[in-house]
Structures are given as structure tokens and as C-alpha cells.
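> Dropping the sequence and predicted coords here.
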Amino acid sequence: MTLDKKLISLSDEELIKEFQDNNTLEAYEILVKRFKDPLMNFVYRFLGDRDISTDIVQDTMIKFYLKKDSYQSIAKFSTWIYTIAGNLSKNELKRRNRRTILSISNDDPDDYTLQIEDKKFVAPDRAADNSIKGEIIQKALLKVKPIYREVVILRDIEGMSYDEISDMTDLSIGTVKSRINRGRAHLQKLLKHIY
Amino acid sequence: MNDKKFTDDNEFNELKDLLKELPKVKVPDNFEFNLMTKIQNKSFEVKSEKKKNWLTWSLTPAIAFAMSVFLIFFVFTGAEESGDNPWNTLPRLMEESVSEVETPNVDKEQLANEVVKKEIIKTSNPQNLATSNSVKKNYPFKKKSSINFDEYLQSDANTSSEAGPQLAGSQNSKASPFDGFFLRQRRDAQKRDSIKKDKDSLEQMEVSDSSK
């Protein structure tokens, strides 16, 4: 118990250091708890499929477990793990494109449940309205090119800085900003009837 | 300038607010349990990469091309040459191959018939009799082991007592060099009649002379 309390107070980088040096499984579990939902949100907004996104987040965590030594303390842990998740998501997208599966719909009933759960303290009519709005935004996001979609999600949904996005995508800051602008412009065009 | 242009976030304020309002998607409740079970069981099959093997999609065109080349050069061309495959055919006699080289498109029987026809034409024409010896060379008999049947019958050896019929396998039997017949054209009937007439007239003249 005391070990867990002590570990919880550590930063991400300290936890990964602990996991690397002493193979402390509790440190790994704490990092999983911290990043599972943000990664799920990122991957889901990028791919638009809940089950596949869950699998990819799980694969990300397994890769993190297996290749913990490839992390170097010069980078932020969040950047490193988002990079893994982003690469796996892009691979999945490529595979889906090869198979010409173009099902970008979001008809999974679980998503409605999820969105209603998130808005459970809001009036039902407003929750339904938000749910529909969220679905429209998600569909519009999936129509944006993946190279623009990725950076827009990281910046505007995940709230990352340009530097972090630059590190994650291995692009210059100028290119990141340019892509974010292009993605936003395209998205705004698609969503102009909402606001 | 570029930085100022690209960092002008106010342009998309409404859009950004809209994106921030999006509900946060969470993993299922059993996510951690499944993950830790996998880790403890060491079943680390990464689903998103499990289809990766040596036969990747990028190699498929190259493999298809190599297979088609293999089929063209080894299967189809091999089927066309199967008649000459030394492993599938028996070895041929040298004589056969030599005769085919000399007379590649002529049947042996046809060749023999042609030779006989030429002989008949030449013997029927007296002018060609002189050249009959050269035609004889084309007979399908061995020159040394064949004889002229008429000459054989008229010869002295043939008229002697020893030349009578012999039983096959008898000890006294003389080994005959004869091993076959060949056709001989009979003389012309008109010529024979004229010779007979000449002979008769000579005999009559002799008879008349003797009577005188």
C-alpha cells in the first residue's frame, strides 16, 4: 500500500524509470491507468471505431510493456506513448484502406450509451442533441485527410502543444501548424451548418 | 510571418470550442483486467500487427511476376518439348536416324515402287536397256547374294544330278547363295513372234536346201 501511494505521487517519467530499472509492475499499472482513456479518445477520434480503438490501445500498452527500454528520458513519456498509439492507428488505417472497407459510419449503439453516460447530469433532450452533434463532428473528422486529422485531434481535442505534436509526428513546427490550419479549415467547411 | 499566420487561432475559435465539447471516449471497464491477464499469460499477440509476415502486400506483385515467369519458361515450354524429352523416349537406332536424314520425307515402300517403275519403263524401251545395269544397282537385293534365275536354271551346274531337289536340313544339301527373287520383264510378244517367224523361215530354207 505504501509503495502504491508513493508511486502514485510520481510523475510519468519517474514511473517509467521505476519500471525500467526495477521492473515494478505497479508503476506500469499506474501509467496504464493514467493514459488508457486519453489514448482511447485519441485513437477513437482518429479511426471512428470503438472496438478497433480498444484493441489498438491495448496493443499500445503491450508494446509499452515489451519495449520499455526503448524509451529514453530525453522525451516526455506522453509523447512516446502517443507516438506508439498514433503509429498503430495509422497502420490500421492503411490496412483498412487496402481492404477498401469504407465503413466510416458510427452506428455502434455503445457509442450512444457512452455519450449519454458522459452527459448524464444534463437534461435528456440536450443530451440527445449533444449526442447527435458529437456524431456529426466525428463523421466530419473522418472526412478530413488523416495527415490533417491527426494533428487537429492532438491539438484541439487532446490539447497538446505544438512542440509535443512536432515530436510525436516527427515534423517541423511550421509543418505542424500548417497542417493544423488546413485541417481546421476543411473541418470548418464540413461543419458550417452546425454553428 | 508564417508563425503569425499559423498561430492565428482566433480564426477557428468556434470550431475549437466545438471540438472541446466532444465527449471523452473511455476504454471498456474490463480493459485493465484483459491487459494484465495477457501480460501475466505472456500472450503478446499484437492484433494490429499479427498479419505481418514475409508475404506482405508490397511483395505480392513481385511474387506474382516471378511465378508467371516460372510458369512460362518451365511449365509451358516444357510441355511443348515433351516429345523430345530424353527421359520420356527410348533411344533410337543410328540407322533410323541416318536414313531419316538422307530421305527425310520419303516412305521406303514408295521409294521401292518408284525404282521398280523406272526399271519397267527402261526395260520396255530398248534404248534404255544399255543403262539397265545402272538401274540394277537400285534393287533392294544384295548384289552378291542374288542370281539371275533364268541363267541359274540354264547353267550346267543346275542340270547335273547334284542340282536336284534337296531336302531342307539334309547333309548333302549345298548351301545356296540364293536369297530372293527379282522381277524380270518378259520380252515383247511381237518381237518374239518375229524371231520365231525368222527361225521358221530359216528352218524351211534349210529343209528346202536339203531336199534339193
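That came through fine. Numbers count the residues shown, from 1 in each chain, chains lettered A, B, ... in the order given.

> For the rest of this, base every contact and every neighbour count on C-alpha atoms.
Will do.

> got the phi/psi numbers for residue A:49?
Dihedral angles of residue A:49 (phi, psi; degrees, to the nearest 10) stand at phi -130, psi 120.

> and it, how many residues sit next to it?
18 (other C-alpha atoms under 10 Å in any protein chain shown).

> what's the distance between it and residue A:147?
Counting by C-alpha to C-alpha, to the nearest Å, the gap from residue A:49 to residue A:147 is 18 Å.

> One more: residue A:78?
Taking C-alpha to C-alpha, one finds residue A:78 at 20 Å from residue A:147.

> These two: which has the busier surroundings?
Between residue A:78 and residue A:147, counted using other C-alpha under 10 Å, residue A:78 has the larger neighbour count: 17 against 14.

> contacting residues for the more buried one?
residue A:12 (C-alpha atoms under 8 Å, 6 or more residues apart in numbering or on different chains).

> Going toward the C-terminus from the lowest-mean-pLDDT helix or strand in chain A, what's the next helix or strand?
Using mean pLDDT, DSSP states H and E, helix A:109-118 stands out as the lowest-scoring helix or strand of chain A, at a mean of 42. Per DSSP states H and E, the first helix or strand lying C-terminal to helix A:109-118 is helix A:124-143.

> Does the helix or strand following that next one reach chain B?
Where DSSP H and E defines the elements, the next helix or strand beyond helix A:124-143 is helix A:146-152. No - on the criterion C-alpha under 8 Å from any C-alpha of the partner chain, helix A:146-152 is out of touch with chain B, staying 9.4 Å away.

> What residues sit buried inside helix A:146-152?
A:146, A:148-152 (16 or more other C-alpha atoms under 10 Å in any protein chain shown).

> Which of those residues sits closest to chain B?
Sorting the buried residues of helix A:146-152 by distance to chain B puts residue A:152 at the head of the list, at 9.4 Å, by C-alpha to the nearest C-alpha.

> could you check the distance from that closest one over to residue B:32?
In terms of C-alpha to C-alpha, residue A:152 sits 28 Å off from residue B:32.

> What of residue A:163?
Applying C-alpha to C-alpha to residue A:163 and residue B:32 gives a distance of 30 Å.

> Compare these two and say which is more crowded by neighbours.
For residue A:163 versus residue B:32, neighbours defined as other C-alpha under 10 Å are more numerous around residue B:32 (17 against 14).

> Tell me the confidence at the more buried one?
Predicted confidence (pLDDT) for residue B:32: 92.

> ok, now the one 3 residues further on?
What the model reports as pLDDT for residue B:35 is 92.

> For it, give me its contacts.
A:58, A:61-62.

> Next up, identify which helix or strand it is on.
helix B:31-41.

> which parts of that helix are buried?
Quick answer for helix B:31-41 (16+ other C-alpha under 10 Å): B:31-32, B:35.

> what about the closest residue to residue A:65 other than its chain neighbours, is that helix, strand or coil?
Leaving aside its chain neighbours, residue A:65 sits nearest to residue A:28 (7.5 Å; criterion: C-alpha to C-alpha, 6 or more residues apart in numbering or on different chains). Under DSSP: H, G, I helix; E, B strand; the rest coil, residue A:28 falls in the helix class.

> Let me see the contact set for residue A:28.
Residue A:28 makes contact with A:15-16, A:19, A:65, according to C-alpha under 8 Å, 6+ apart.

> Among these, which ones are in helices?
Among the contacts of residue A:28, the ones falling in helices (DSSP state H) are A:15-16, A:19, A:65.

> Pick the one among those closest to chain B.
Chain B lies nearest to residue A:65 out of those, by C-alpha to the nearest C-alpha, at 8.3 Å.

> May I have the residues that are in contact with residue A:162?
Going by C-alpha under 8 Å, 6+ apart, the list of residues near residue A:162 reads A:155, A:173, A:176-177.

> hmm, try it at 10 Å
By C-alpha atoms under 10 Å, 6 or more residues apart in numbering or on different chains, residue A:162 lies in contact with A:151, A:154-155, A:168, A:172-174, A:176-177, A:180, B:7.

> Find me the pLDDT at residue 63, would you?
You didn't say which chain, so I picked chain A. Residue A:63 carries a pLDDT value of 93.

> You answered for a different chain; I wanted chain B.
So residue B:63 comes in at 88 (pLDDT).

> Please indicate which of the ones in helices among the contacts of residue A:28 are buried?
Buried among these by 16+ other C-alpha under 10 Å: A:15-16, A:19, A:65.
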